[in-house]
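J.: my questions concern the predicted model and sequence given below.
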Amino acid sequence: MTSHTVKHPFPDDFVWGAATSSYQIEGAVDADGRGTSIWDTLCRQPGAIEDASSGAIACDHYHRWRQDVATMAELGLQAYRFSIAWPRIQPTGRGEVVAAGLDFYDRLVDELLRVGITPFPTLYHWDLPQPLEDEGGWSHRGTAEAFVDYARRVGERLGDRVRHWVTHNEPWCAAVLGYETGEHAPGIKDGPRAMAARHHLLLSHGWAVRALREVVPEAVLGITLNLVPSFAASPSPADRDAFRSLDGSFNRWFLDPLYGMGYPADVIADRQALGHLPPGPLPFVAEGDLQAIAEPTDYLGLNLYSRAVLRSDAVAEADNAPRTVQVAPADEHTDMGWEVYPKGITQLLVRVHQCYAPAALYITECGAAYDDGPGADGEVHDARRVAFFDGYLRAAQEAIELDVPLKGFLAWSLLDNFEWAYGYTKRFGLVHVDYETQRRTIKQSGRWYRDVIERNGL
Ligand code: IFM
């Protein structure tokens, strides 16, 4: 074996990259006519964010983007997934675009292309313009209509240079954490509204795919889901049903309609029992909606982190509360409390390929929160993150060997950043950010990842 022979190569055209999102890194929330987003609003609510912080400054990427692209080039990234802040483009969510907002992403795209990095923008990563929320947000059909106009306008401006697009990031989070549990913006706890939000997010995806195909005929289009490999804690019928229920609500509710199978009847029944849906037909589904959601795409993006082991909670059941509970990981877990379980991603990728057969798959996020900072030598020795990525990449590779058409891996995240309701208490970056000085330090995992990219394998 020569020094250049890699024991575990990936396919020659495999794409290696990293991901971020606008509100988590950009800061500059008042710059250049940006409107208010639902996250600006939530962050002002006492107790909403663990460390009482906000994305107002974050990594100051809005001003430091050129340096950050240089860091990406140093890491050897081939693709960069970032998100576009809708409130920078249309401050009220509708109407004329703000030129300066689009100019920012225009310059970013040009710089990425100049250094040979493929831009992979996401149109919606949770920063909804507040005025749209005031009209009902994602539980309101008008937001889906507004999203399509926004998508079209961004496509018209960047589509001559950008081929790869993600419509939505993790609609489960936007709908459920945003409108059912209230942990995320807009901080609402309303089961029926969350069900409508789930639908309108998917609907707006399908409509946006159609609109983008018109303005960017060469576009490579997809949506990103946060699916969770799920397992019953025991073979008992009750635990198997707990698995069915969570898998249905988390995974099948999104996969089935995207691949033309409509919404799963068992989940509808569960939600009717909870009072989140009325008996009878789904009130928010209009004629043609399911067809629109199933609009063919070029790939499916998956954000993969952990797994869920489910058991039925008899006590909760007696209270008529949701009966599925997640078993706490006994083994290794990250600072998020998420179990490290690489095998789960092989299983999930194979399942999605076999049951839904997307044209291609990308892992659009995968990563781990560990809070290692610079040591006395100034270096960040994040060996646990290296081990995490090593395990997950091996698992991804196994899926490829099982014929899954996995085309790329985008690590979450390029930079430590604002982790939503956890504020700055969780660090996911390949690059450490000192929030006092905004100094960036490439972590050991970043260097390791650079070598993986260079060798196209482990
Ligand atoms: O930081 C988030 C990201 O915004 C969406 N996917 C999961 C990441 C880690 O929680």
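T.: On my side now, so go ahead.
J.: alpha carbons only for contacts and neighbour counts from here, please
T.: Will do.
J.: now do the helices in the stretch 101-250 of the chain.
T.: 130-134, 141-158, 171-172, 178-179, 191-215, 237-247 (DSSP state H, counting those that start in this stretch).
J.: for the fifth one, packing partners?
T.: With contacts defined as 3 or more C-alpha pairs under 8 Å, 6 or more residues apart in numbering; DSSP states H and E, helix 191-215 has these neighbours: helix 141-158, strand 164-169, helix 171-172, helix 178-179, strand 220-225, helix 289-293.
J.: also the fourth one?
T.: Under the contact criterion of 3+ C-alpha pairs under 8 Å, 6+ apart, helix 178-179 touches helix 191-215.
J.: the helix it packs on vs strand 220-225, what angle?
T.: If you take axes from the mean of the first three to the mean of the last three C-alpha atoms, to 10 degrees, helix 191-215 sits at 170 degrees to strand 220-225.
J.: buried residues in helix 191-215?
T.: By neighbour count with 16 or more other C-alpha atoms under 10 Å, helix 191-215 contains the buried residues 191-212, 215.
J.: what mean pLDDT does that helix have?
T.: Across helix 191-215, pLDDT averages out at 99.
J.: relative to strand 164-169, how tilted is it?
T.: For helix 191-215 against strand 164-169, the angle by the same axes, to 10 degrees is 160 degrees.
J.: helix 191-215 vs helix 141-158, what angle?
T.: Using the same axes, to 10 degrees: helix 191-215 against helix 141-158 is 30 degrees.
J.: give the contact list for the closest residue to Asp434 other than its chain neighbours.
T.: Distances taken as C-alpha to C-alpha, 6 or more residues apart in numbering put Arg440 closest to Asp434, at 6.6 Å, once the chain neighbours are dropped. Arg440 sits next to 431-434 when contact means C-alpha atoms under 8 Å, 6 or more residues apart in numbering.
J.: and the buried ones among these, selectable in ChimeraX?
T.: A single ChimeraX command suffices to select whichever of the contacts of Arg440 are buried according to 16+ other C-alpha under 10 Å:
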select :431,432,433
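J.: what about stretch 226-242, start to end distance?
T.: 19 Å (C-alpha to C-alpha, to the nearest Å).
J.: in that stretch, what counts as buried?
T.: For stretch 226-242, a neighbour-count test (16+ other C-alpha under 10 Å) marks 226-233, 238-242 as buried.
J.: with respect to His276, which of those is nearest?
T.: Ala242 (17.9 Å; C-alpha to C-alpha).
J.: just for the stretch 301-450 of the chain, where's the confidence low?
T.: Where the stretch 301-450 of the chain drops to pLDDT under 70, the residues are 314-323.
J.: beta partners of Asn303?
T.: Glu365 (DSSP bridges).
J.: what about it, neighbour count?
T.: 23 (other C-alpha atoms under 10 Å).
J.: all helices of the stretch 301-450 of the chain, in order?
T.: 314-318, 343-356, 383-401, 444-455.
J.: quick one: closest of those to Phe250.
T.: Across these, closest to Phe250 is helix 343-356 (C-alpha to C-alpha), at 12.8 Å.
J.: burial count for Leu415?
T.: For Leu415, using other C-alpha under 10 Å, the count is 26.
J.: kindly report the same for Trp65.
T.: 19.
J.: identify the residue spatially nearest to it, adjacent ones excluded.
T.: Closest to Trp65 by C-alpha to C-alpha, 6+ apart is Leu108, at 7.2 Å.
J.: per-residue pLDDT, the one you found?
T.: At Leu108, pLDDT is 99.
J.: for stretch 382-400, buried residues please.
T.: Result for stretch 382-400 [16+ other C-alpha under 10 Å]: buried residues 382, 385-386, 388-400.
J.: same check on stretch 10-20?
T.: Neighbour-count burial for stretch 10-20, counted by 16+ other C-alpha under 10 Å, picks out 10, 14-20.
J.: mean pLDDT, distance to Leu112 and mean neighbour count added to the helices and strands packed on helix 191-215, as JSON lines?
T.: Converted to JSON lines, those look like this (pLDDT from 0 to 100; distance: least, C-alpha to C-alpha, whole Å; neighbours: other C-alpha atoms under 10 Å):
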{"stretch": "helix 141-158", "mean pLDDT": "98", "distance to Leu112": "13", "mean neighbour count": "20"}
{"stretch": "strand 164-169", "mean pLDDT": "99", "distance to Leu112": "13", "mean neighbour count": "24"}
{"stretch": "helix 171-172", "mean pLDDT": "98", "distance to Leu112": "27", "mean neighbour count": "24"}
{"stretch": "helix 178-179", "mean pLDDT": "98", "distance to Leu112": "32", "mean neighbour count": "26"}
{"stretch": "strand 220-225", "mean pLDDT": "99", "distance to Leu112": "18", "mean neighbour count": "23"}
{"stretch": "helix 289-293", "mean pLDDT": "99", "distance to Leu112": "31", "mean neighbour count": "21"}
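J.: check contacts around the residue nearest to Val228 when sequence neighbours are not counted.
T.: Closest residue to Val228 apart from its sequence neighbours, by C-alpha to C-alpha, 6+ apart: Arg307 at 5.5 Å. Residues in contact with Arg307 (C-alpha under 8 Å, 6+ apart) are 228-231, 338-341, 344.
J.: give me that answer again for 7 Å
T.: By C-alpha atoms under 7 Å, 6 or more residues apart in numbering, the residues touching Arg307 are 228-230, 339, 341, 344.
J.: any chance of the residues you listed in a markdown table, plus distance to Ser83?
T.: Below are those laid out as a markdown table (distance: C-alpha to C-alpha, whole Å):
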| residue | distance to Ser83 |
| --- | --- |
| Val228 | 22 |
| Pro229 | 25 |
| Ser230 | 28 |
| Glu339 | 27 |
| Tyr341 | 27 |
| Gly344 | 27 |
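J.: going by distance to Glu332, which of the residues you listed wins?
T.: Of all the contacts of Arg307, Glu339 has the smallest distance to Glu332: 5.9 Å, by C-alpha to C-alpha.
J.: pretty sure that closest one contacts Glu332?
T.: Yes. Between Glu339 and Glu332 there is a contact under C-alpha atoms under 7 Å: 5.9 Å.
J.: looking at these two, which one has more neighbours?
T.: Glu339 (20 against 10).
J.: what residues does that one make contact with?
T.: Contacts of Glu339 by C-alpha under 7 Å, 6+ apart are 306-307, 329, 331-333.
J.: swap in Gln24?
T.: 55, 58, 417-419.
J.: try it again at 6 Å.
T.: Gln24 makes contact with 417-418, according to C-alpha atoms under 6 Å, 6 or more residues apart in numbering.
J.: check which helix or strand covers it.
T.: helix 22-25 (DSSP states H and E).
J.: check the offset of whichever helix or strand comes after that helix from the chain's centre.
T.: As assigned by DSSP H and E, the chain's next helix or strand after helix 22-25 is helix 38-43. On the basis of C-alpha atoms, centre = their mean, to the nearest Å, helix 38-43 sits 19 Å off its chain's mean C-alpha point.
J.: also stretch 133-144?
T.: With C-alpha atoms, centre = their mean, you get 21 Å for stretch 133-144.
J.: what's the first-to-last distance across it?
T.: Terminal residues of stretch 133-144 lie 12 Å apart, using C-alpha to C-alpha.
J.: and if you look at stretch 375-387?
T.: Start-to-end, stretch 375-387 (C-alpha to C-alpha) is 19 Å.
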